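In: Can you look at this prediction? I've put the sequence above it.
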Amino acid sequence: MGEGPEALGDAGHRCTVTLCFCGMFYDVSSVPAAPGSPPMGSTVTILFSDIRGFTEYTEQYGDEVAFQVLQEHNEIVRRHIGAFSGKVVKTQGDSFMVAFTTARGAVLCGAAIQREIAEKTQAESGTRIAVGIGINTGEPIYEGGDFFGSTVNLAARVCATAGPGQIFVSETTRHVAGRLDGVEYIDRGLHELKGFQDQQRLFEVAWKAVPPGVPDEAEISAVEGAVQRALGVLNRVLGIGHRDDPAFRPLLECQAKASELRLSLSRAVAEQRGYTVKQVDQAMLPFADLLTLVTGREHLDDQRWGQLELGVGRAFGRPLVAAATRGRLFVGTERESPRNSVPPPPRDPEPPRAERPRRLPTIPDPPAPMPIDARVQGIRWWVSLLEGWQAWKASGMAQAHAVRAAVTRHQYLLAVALRESPNHDEGRLCAGYFALLEHVEDQSPGFVRTAVDQAAAAVGSGEPAALDNALYGLLVGRGRLRETFADFVREVMIAAIPAPGLWTDATVTEREESTSVVTRPSAAVGDPGEARQELTETQHRAGERRFALTIAPLTARFFCLRGVELRNPRDVELRLTRAGEGSDHGWSLQVRTDQLLHSPPRRLTPSGTSLPGLGRNYGDLWIGVFNPEPAAPAVYELTVTITVQSPPGIRRAFSPLGRGPR
């Protein structure tokens with residue numbers, strides 16, 4: 001019955017498909033474009049759906065019944081697509097390709113489809129049909145009522161990975177859609193997908209089915225037992241530490257996922273909905289595997305070792321696997337234990353008996369906001385920073401999504417020094433620095449709770465200016481910002497690029513025959529004014545350019561190079577200097593032409609950084625230059641050279657970025 005979503009998603013091929021079903025033939029060519037279809041370059045979310053188990057269903061019940069089920073399935077899918085403002089791009093048998101203008105609409109539509117199909121098939125015995133759904137967000141090529149390109153292909157591969165009744169979404173879709181009522185995201189780790197060189201991180205959308213009735217005691221008891229076992233594992237994972245680095249980021253990220261799953265499971269049991277025993281066990285598995293690597297690695301054979309490494313690496317990344325296998329992780333009080341006396345993993349707790357009164361997990365209320373200490377009421381940057389941090393904590397929003405929202409409001413956020421930020425937008429800009437306070441809290445747990453008392457004790461008086469300096473000094477010292485501010489800038493770049501993007505000192509769009517240069521005529525940070533140059537003559541585009549900039553303490557400035565429709569790709573050379581010496585106070589980040597991150601940000605090297613292939617290997621190049629000094633501004637000079645890869649024997653260089661020192 002058809003060839004599934006991958007056939008729909010293959011870009012660059014057009015054909016009229018005729019399918020035979022129950023002796024009848026149907027033309028399922030592409031559906032014409034609806035009025036108002038998005039132009040090429042617009043952000044679109046692509047959803048693929050595909051019936052799983054349809055062949056087996058047909059064999060068991062016959063063509064007539066199967067055809068009726070197919071018609072009912074199509075009616076359900078089309079009704080929900082219309083309800084969430086989606087547009088059917090094409091169909092092929094039991095597969096749909098749908099375009100949405102919002103990621104939220106696509107995810108909610110997928111959840112509604114799965115929910116209704118689950119309700120209608122709940123009472124059926126024997127073979128049932130189920131739907132797998134895959135979703136991806138990007139900027140596909142739009143032509144003739146159809147979409148093409150890697151955005152579409154990835155959505156099709158994601159759909160092929162989803163199992164019956166599952167919704168898988170790409171990492172981009174998960175972050176763009178953000179937090180949604182009625183759905184939860186489960187990180188399913190990295191996957192190797194056909195046609196994609198890099199592994200792709202996928203998330204499952206755990207939609208909540210409406211229960212057909214009250215589950216029986218045995219089913220409730222079994223789920224509770226599975227949840228209690230999972231909570232035991234998750235609690236032990238939350239007790240893991242690193243022997244050398246208390247703020248080891250891969251471990252902190254893993255533990256954040258454990259906390260989210262623990263809360264989700266507790267809510268599911270309390271409300272008696274949302275999970276089966278199998279789903280609980282599957283969600284717990286990577287955490288249990290990590291515990292085995294940490295506490296029982298000496299008892300593993302090579303085959304089991306390899307399986308655990310693969311599963312944990314897919315879920316949490318290779319750095320955490322390396323730390324576990326090298327013995328750098330410990331559980332609870334095991335830090336000082338000899339390596340050869342690792343205790344065996346604990347036995348799973350027995351599930352509660354059905355006849356016993358059930359104790360449902362209780363969910364503690366979120367902590368009340370910390371009151372602003374009267375001693376620091378006059379320190380505006382601290383008050384705004386703390387209020388912004390507490391508001392984010394109470395929202396439950398993922399940090400990356402919250403950072404993206406903050407940068408959307410103030411694209412020049414990182415260009416304003418923290419202590420000066422209350423002077424911008426009536427103090428609202430300062431609240432956007434909540435992520436910096438969270439960064440400091442990660443480096444020094446308990447900082448927020450103890451900072452004011454420590455500052456007051458250090459200065460011995462309540463004089464505001466002294467407290468201001470002491471608080472800032474603690475923020476810098478306990479947060480190790482001289483050493484870690486670079487990591488903070490990197491995290492913001494990952495969250496905010498390509499969309500909504502950061503405020504740039506200069507943006508250069510390089511085309512085959514011209515170069516467009518947009519700079520800031522004013523030195524005032526955040527000034528929306530722009531000066532635009534259109535360069536077409538080779539002598540105007542050629543030559544090495546140097547761009548001088550003064551960066552305030554603990555801030556960053558950004559530049560962007562773009563390659564558009566280049567027949568001949570460019571090679572980019574970057575060199576950053578400070579006081580005439582090479583500096584590594586900068587990051588480069590490459591963005592693919594489909595506007596997905598090409599690779600993690602790369603630290604600039606003092607000797608210079610080569611980035612070949614603008615217009616071929618990547619479409620955009622973002623450059624972030626930062627000043628990690630907490631008190632003094634710093635002057636940097638960024639040199640950018642672009643070399644055109646012309647036919648053999650012809651090479652020319654030009655660098656349109658900047659207009660010299662300012």
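Out: Arrived safely, thanks for sending. As the structure is a computational prediction, the values presented were derived from the model and not from experiment.
In: Low-confidence bits of the protein, can you list those?
Out: Low-confidence segments of the chain (pLDDT under 70): 1-41, 123-128, 208-221, 267-275, 333-369, 396, 461-462, 543, 593-599, 645-662.
In: how's it carved up into domains?
Out: Residue ranges for each domain of the chain read 5-207, 217-341, 374-479, 504-654, as given by automatic domain parsing.
In: How far away from the center of its chain is the second one?
Out: When distances are taken as Cα atoms, centre = their mean, to the nearest Å, domain 217-341 is centred 21 Å away from the chain's centroid.
In: which element is His80 on?
Out: When elements are assigned from DSSP states H and E, His80 belongs to helix 63-83.
In: chain center to the helix or strand following that helix: distance?
Out: The helix or strand immediately downstream of helix 63-83 is strand 87-92, counting by DSSP H and E. Relative to the centre of its chain, strand 87-92 is centred 28 Å away, using Cα atoms, centre = their mean.
In: Just name whatever secondary elements the following helix or strand past strand 87-92 is in contact with.
Out: Next helix or strand after strand 87-92 toward the C-terminus (DSSP H and E): strand 95-100. Counting contacts by 3 or more Cβ pairs under 8 Å, 6 or more residues apart in numbering; DSSP states H and E, strand 95-100 is packed against helix 5-9, strand 44-52, helix 63-83, strand 87-92, helix 103-121. For glycine as for every other residue, the C-beta is placed from the backbone atoms N, C-alpha and C.
In: To Ala470, which of the ones you listed lies closest?
Out: helix 103-121 (44.0 Å; Cβ to Cβ).
In: Next up, the contacts around Arg557.
Out: Arg557 sits next to Ala415, Asp505, Leu549, Ile551, Gly624, Val625, Phe626 when contact means Cβ atoms under 8 Å, 6 or more residues apart in numbering.
In: Report the angle between the helix holding His80 and strand 44-52.
Out: Between helix 63-83 and strand 44-52, the angle formed by their directions is 160 degrees, by axes from the mean of the first three to the mean of the last three Cα atoms, to 10 degrees.
In: What residues sit buried inside stretch 383-399?
Out: Neighbour-count burial for stretch 383-399 flags Val383, Ser384, Leu385, Leu386, Glu387, Gly388, Trp389, Gln390, Trp392, Lys393, Met397, Ala398 (criterion: 16 or more other Cβ atoms under 10 Å).
In: Keep only those of these that are in helices.
Out: Among these, the members falling in helices (DSSP state H) are Val383, Ser384, Leu385, Leu386, Glu387, Gly388, Trp389, Gln390, Trp392, Lys393.
In: what's the helix holding His80 packed up against?
Out: Applying 3+ Cβ pairs under 8 Å, 6+ apart, one finds that helix 63-83 contacts strand 18-21, strand 44-52, helix 54-61, strand 87-92, strand 95-100, helix 103-121.
In: let's go with 7 Å and repeat that
Out: helix 54-61, helix 103-121 (3 or more Cβ pairs under 7 Å, 6 or more residues apart in numbering; DSSP states H and E).
In: any chance of the ones you listed in TSV, plus distance to Ala524?
Out: Formatted as TSV, the helices and strands packed on helix 63-83 follow (distance: least, Cβ to Cβ, whole Å):
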stretch	distance to Ala524
helix 54-61	62
helix 103-121	35
